[in-house]
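>>> structure for the following, please:
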Amino acid sequence: MTKTLVISNRKGGSGKTSTSVNLAAEMAGSGQRVLLIDLDTQGHCAVGLGVKVGRDAPTVHSFLAGRNRLRDALVPRVWPNLHLVPADCLADHGLGADKELLLREALASEQLNDDYDTIILDTPPSLDSLLFNALCAADRVLVPFVPHFLSGEGVRQLARVLFRVSSRGLNEGLRILGFLPVMVDLRIGLHRDIKSGLAQQFGAARLLPGIRTDIRVAEAFAAGCPVRIHAPNSRAAADFSQVAQEIDRLWV
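The predicted model follows:
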């Protein structure tokens, strides 16, 4: 059965896209068939994978606007076992308003769920139909966060959104898989305190191994490839590999 994972945090700059791109690459590298869907109108998943999206090319956002099928926006063979549905950087965040199930229904009706082992959804931090479509289509939520005072507030805001999705009957099976600290340095007291606070609030079992601060992640984006390709011996590559394995272990 296909596993659908949404990467989300209500706070911007929390490492959602770098997490989405590099976890997708790690899972594809392990032999899984992976589809990455970029719902964030910044369109940075395509940048991180070295994909050039044409001006009039179909995207997930043109699908939500009713202009094409979701499958029509598929960019196959981005990397071995990894396909992409890119974003439209000029799209309106009001797309799909009051139609929170569009993405979930398309994944089923267009049989994309049959083609992939894992589907990863990168999301915007805004509270809009794009985020709700992702949450309604997913099985589990992974929450990356930078260990900062405001990160806890972003996590709490997301938890309230998840409750809304569940209580409205839109996706009663949605669960938080875990919390992923990114750009973390445990030599810094604040980083240790933030991790400890989230572990106490949500449970230590949900706190995944962190992604340590590593300039190789930014370099990889500039090079248009995942960090496992750009710098396979880097600590970031090792960390993303460990997190991908931990996700498989925690998924129940």
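>>> got the buried residues for stretch 86-105?
Residues of stretch 86-105 classed as buried: Pro86, Ala87, Asp88, Ala91, His93, Leu95, Gly96, Glu100, Leu102, Leu103, Arg104 (neighbour count, 16 or more other C-beta atoms under 10 Å). Yep, even glycine has a C-beta here, placed from its N, CA and C like the rest.
>>> buried residues in stretch 44-51?
His44, Cys45, Ala46, Val47, Gly48, Leu49, Val51.
>>> next up, the contacts around Lys16.
With contact taken as C-beta atoms under 8 Å, 6 or more residues apart in numbering, Lys16 is in contact with Ile7, Ser8, Asn9, Asp40, Asp122, Thr123, Pro125, Pro144.
>>> from these, which ones fall inside strands?
Using DSSP state E, the subset of the contacts of Lys16 located in strands is Ile7, Asp122, Pro144.
>>> quick one: Asp40 and Asp122 touch, right?
Yes - counting by C-beta atoms under 8 Å, Asp122 is a contact partner of Asp40 at 5.5 Å.
>>> overlap in contacts of the two?
Lys16, Thr17.
>>> still on that earlier bit, got a markdown table for the buried residues of stretch 44-51, with distance to Ala220 and secondary structure too?
As requested, the buried residues of stretch 44-51 are exported to a markdown table (distance: C-beta to C-beta, whole Å; DSSP: H, G, I helix; E, B strand; the rest coil):
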| residue | distance to Ala220 | secondary structure |
| --- | --- | --- |
| His44 | 12 | helix |
| Cys45 | 13 | helix |
| Ala46 | 14 | helix |
| Val47 | 11 | helix |
| Gly48 | 7 | helix |
| Leu49 | 10 | coil |
| Val51 | 14 | coil |
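>>> which pair of those spans the longest distance?
Using C-beta to C-beta, the buried residues of stretch 44-51 span at most 10.8 Å, a distance reached by His44 and Val51.
>>> before we move on, back to that, of the buried residues of stretch 86-105, which pair is most distant in space?
Top of the distance list for these (C-beta to C-beta): Pro86 and Glu100, 21.3 Å.
>>> tally of neighbours for Val53?
By the criterion of other C-beta atoms under 10 Å, Val53 has 20 neighbours.
>>> need the three-state assignment for it.
coil (DSSP: H, G, I helix; E, B strand; the rest coil).
>>> hang on, it packs against Ala46?
Yes - here Val53 reaches Ala46: they are 5.2 Å apart, a contact under C-beta under 8 Å.
>>> please identify every residue contacting each of those two.
Contact criterion C-beta under 8 Å, 6+ apart; residues shared by Val53 and Ala46: Pro86, Ala87.
>>> now do the strands in the stretch 101-250 of the chain.
Assigned by DSSP state E, counting those that start in this stretch, the stretch 101-250 of the chain shows strands spanning 118-122, 140-145, 175-184, 211-212.
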